[in-house]
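Q: following is a predicted model, sequence given first.
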Amino acid sequence: MLTGVRYSGHGHGTMHPVTDTIHLIDTHAHLGSAAFDADRAEAIARATAVGVTRIIEIGYDLASSRAAVELAAQHPEIYAVVGVQPNHVAGLPSGWLDQVRELAAQPKVVAIGEIGLDYYWNAAPAELQETCFRAQLHLARELALPVVIHSRDARDDTVRVLRDAARGQPGIMHSFSGDWEYARVCLDIGFHLSFSGPVTFPKAADLHDVARRAPLDRILTETDSPYLAPHPFRGRRNEPAHVRLIVERIALLRDLPLNDLAAAVWRNAELLLRL
């Protein structure tokens, strides 16, 4: 957390004074990745130093989901999300869903995810992806947990499944990257939009438009560390401390003081994930 008076900006546009204490949250990170094996503790400390006082560690298969639960148990500021991402549904063992259910019962697990559809990598047949997606949506409903959605090059089918199986169920569109038309559909389903590094890219006009127009109470921020590093770190390893750059960029786009935007995102995450 940060205190005192300072100014937020990137050398252009409005410079927003920042007062009061700021709490930032990274709602989607993969600190269990091998990319952090050499400095995981230091990366967590760097995040804390810039005000990131909550990190949500996301599973993408059974092993990483177990690791997320273990990491959350070791660090008071970290919470876990468990599930199987569409690129990892091929070759799942029998009883895999029961394993996700058992993991979801562990302390500090706040959602099922990341789950969804991915037609970019096509690591599994679309039919299998959808079957596993629906199974985990059903599990989340059974457990009264929100869901974290991964969707890549699968917009229409993702919307179709969510409209059918998740209307009224709380959830997050992870690393949202669509236009306002797509954003409106996701908001209508009842989901939050989570913004990551690309919202800081100078030429991301559609994403800037969504960040300006999305209801303040439906915005979240994430890094997807170690991926999708924001400007000016694009192309390098990402880490949770960089979520501050994403919050700063959205505040600038919305002409809001940084502390107001940060407080809104914190409140949104707290309510949705019941932190």
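A: Structure received.

Q: with adjacent residues omitted, what lies nearest to residue 90?
A: Spatial nearest neighbour of residue 90, excluding adjacent residues (CB to CB, 6 or more residues apart in numbering): residue 124 at 4.1 Å. (Each C-beta comes from the backbone N, C-alpha and C, glycine too.)

Q: please tell me how far that neighbour sits from residue 91.
A: Separation of residue 124 from residue 91 (CB to CB, to the nearest Å): 9 Å.

Q: of the two, who's got more company?
A: Using other CB atoms under 10 Å as the criterion, residue 124 and residue 91 rank with residue 124 on top: 20 against 7.

Q: show me what counts as buried in the helix or strand hosting residue 133.
A: Secondary structure from DSSP states H and E places residue 133 in helix 126-143. Applying a neighbour-count criterion of 16 or more other CB atoms under 10 Å, one finds 129, 130, 132, 133, 135, 136, 137, 139, 140 buried in helix 126-143.

Q: same check on stretch 180-199?
A: Neighbour-count burial for stretch 180-199, counted by 16+ other CB under 10 Å, picks out 182-183, 185-187, 189, 191-199.

Q: hmm, back to that, quick check: the residue nearest to residue 90 vs residue 274, distance?
A: Taking CB to CB, one finds residue 124 at 31 Å from residue 274.

Q: what about the protein, any weak spots by pLDDT?
A: 1-20 (pLDDT under 70).

Q: ok, back up a step: of the buried residues of stretch 180-199, closest to residue 87?
A: The closest of the buried residues of stretch 180-199 to residue 87 turns out to be residue 196 (CB to CB; 17.5 Å).

Q: what segments of the chain are strands?
A: For the chain, the strands defined by DSSP state E cover 6-8, 16-18, 24-29, 52-58, 78-82, 109-118, 147-152, 171-173, 192-195, 219-221.

Q: just to check, the residue nearest to residue 90 is in contact with residue 86?
A: Yes: Residue 124 is in contact with residue 86 according to CB atoms under 8 Å; the separation is 6.5 Å.

Q: what about the residue nearest to residue 75 when sequence neighbours are not counted, neighbour count?
A: Nearest-residue entry for residue 75: residue 44, 6.4 Å, with adjacent residues in sequence omitted and distances by CB to CB, 6+ apart. Residues lying near residue 44 (other CB under 10 Å) number 23.

Q: check contacts around residue 44.
A: Residues counted as contacts of residue 44 (CB atoms under 8 Å, 6 or more residues apart in numbering) are 31, 55, 75, 77, 78, 240.

Q: would you mind writing the ChimeraX command to select the buried ones in those?
A: In ChimeraX, a selection of the buried entries from the contacts of residue 44 looks like this (16+ other CB under 10 Å):
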select :31,55,75,78,240
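
Q: tell me the one among the contacts of residue 44 nearest to residue 98.
A: Scanning the contacts of residue 44 for proximity to residue 98, where the rule is CB to CB, the winner is residue 78, at 24.9 Å.
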